[in-house]
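Novice: Below are the sequence and a predicted model; questions follow.
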Amino acid sequence: MKKITLHFSIKEITPDREVVFESQGINEGRNVPEKISDLYDYSLSVFQKDIEPKAIRQEITIPEFSEIFQGNGDNDENTPVQHIFSLADSLELFAFTLGQNISDTISGLFSSKDFALAYMLDSIASASTDKAASIAEQYSKESAKTLLYSPGYCGWHINGQKQLFKKLKPERIGISLSDQFLMIPLKSISGVLITGKKEIHTFDNDFTFCAQCKTFSCIARQEHLLY
């Protein structure tokens, strides 16, 4: 099926200030020290200068994705993803990257021990990647909901990236895989956009792998998108 390259504007994927601060433990309502505020403003200017956002998506059938999802057979025996995609109205493979420049800038700052700027810039870039995924999830029809599921989460083994990349070919937008199945550039995201009735996305976080989860972000995501 046809691959479609998406173009995100810098403005639409620039994360909200409050989201970045919250990721650093500064909750909404707290006074932000002027020094931190100035650091954020400068980091944001670097971020907007260095990013080269690109994305690609491709429609895929349930049988086709079933083969991708099986991968090397290393998934958990029971995962929510396997139940969800089998009930989907439609599926799309998806990948997004902020480009290599921003990753190189962040790595350079850490190497030069400019930790404050590096950490702030890293937080902005991570929040931006999450926001791009949220934008992609909004492409669904009014009668359905779309959520992104990625290899490495919810029992889908990280080596699932190999089959996903083989089908989607996100190298076209500058994303490659390391031997450990990590994406290069680091500020990238990939997975499958599953569209269907909102009920198919709801599940209890009582799977065996949930005990190792540190964020339980699935709960907040379900509450935000589905209710």
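Specialist: Arrived safely.
Novice: Secondary structure element holding the residue positioned nearest the centre of the chain?
Specialist: Taking CA atoms, centre = their mean, the centroid of the chain lies closest to I189, which sits 4.2 Å from it. Using DSSP states H and E, the element containing I189 is strand 188-196.
Novice: who does that strand pair up with?
Specialist: strand 90-97 (antiparallel), strand 145-149 (antiparallel) (DSSP bridges).
Novice: what is the orientation angle of the one helix or strand A133 maps to with strand 188-196?
Specialist: Using DSSP H and E, A133 sits in helix 115-137. With axes from the mean of the first three to the mean of the last three CA atoms, to 10 degrees applied, the angle from helix 115-137 to strand 188-196 works out at 30 degrees.
Novice: just to revisit the earlier point, winner for burial among the strands paired with strand 188-196?
Specialist: Comparing those by mean neighbour count (mean count of other CB atoms under 10 Å), strand 90-97 ranks first with a mean of 25. (C-beta placed from N, C-alpha, C; glycine too.)
Novice: Go through the strands paired with strand 188-196 and name the closest to Q138.
Specialist: Among the strands paired with strand 188-196, strand 145-149 comes nearest to Q138, with 7.4 Å by CB to CB.
Novice: Tell me where the protein has strands.
Specialist: Along the chain, counting by DSSP state E, strands occupy 3-6, 54-60, 90-97, 145-149, 176-177, 183-184, 188-196.
Novice: Using PDB, write out the CA atom coordinates for the longest one.
Specialist: Provided in PDB are the C-alpha atoms of strand 188-196 (Å, rounded to 0.1, in the frame of the first residue of the first chain):
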ATOM      1  CA  SER A 188      12.200   9.300  16.900                       C
ATOM      2  CA  ILE A 189       9.100   7.200  17.500                       C
ATOM      3  CA  SER A 190       7.500   4.300  15.600                       C
ATOM      4  CA  GLY A 191       4.600   1.900  15.900                       C
ATOM      5  CA  VAL A 192       1.200   1.100  14.600                       C
ATOM      6  CA  LEU A 193      -1.800   3.500  14.700                       C
ATOM      7  CA  ILE A 194      -4.800   1.400  15.600                       C
ATOM      8  CA  THR A 195      -8.200   2.900  14.800                       C
ATOM      9  CA  GLY A 196     -11.400   1.500  16.100                       C
END
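Novice: Could you give the average pLDDT over that strand?
Specialist: Confidence over strand 188-196 (mean pLDDT, whole number) is 95.
Novice: ditto for the fifth one
Specialist: Here the mean pLDDT over strand 176-177 is 96, rounded to a whole number.
Novice: quick one, what contacts M183?
Specialist: M183 sits next to 97, 161, 175-177, 189-190 when contact means CB atoms under 8 Å, 6 or more residues apart in numbering.
Novice: ok, I4 - contacts?
Specialist: Here I4 is in contact with 56-58 (CB under 8 Å, 6+ apart).
Novice: Out of those, which is nearest to Q138?
Specialist: For the contacts of I4, the nearest to Q138 is R57 (12.9 Å; CB to CB).
Novice: Is that closest one bridged to anything, and to what?
Specialist: With DSSP bridges as the rule, R57 is bridged to I4, F94.
Novice: If anything else comes up later, I'll come back, but that's it for now.
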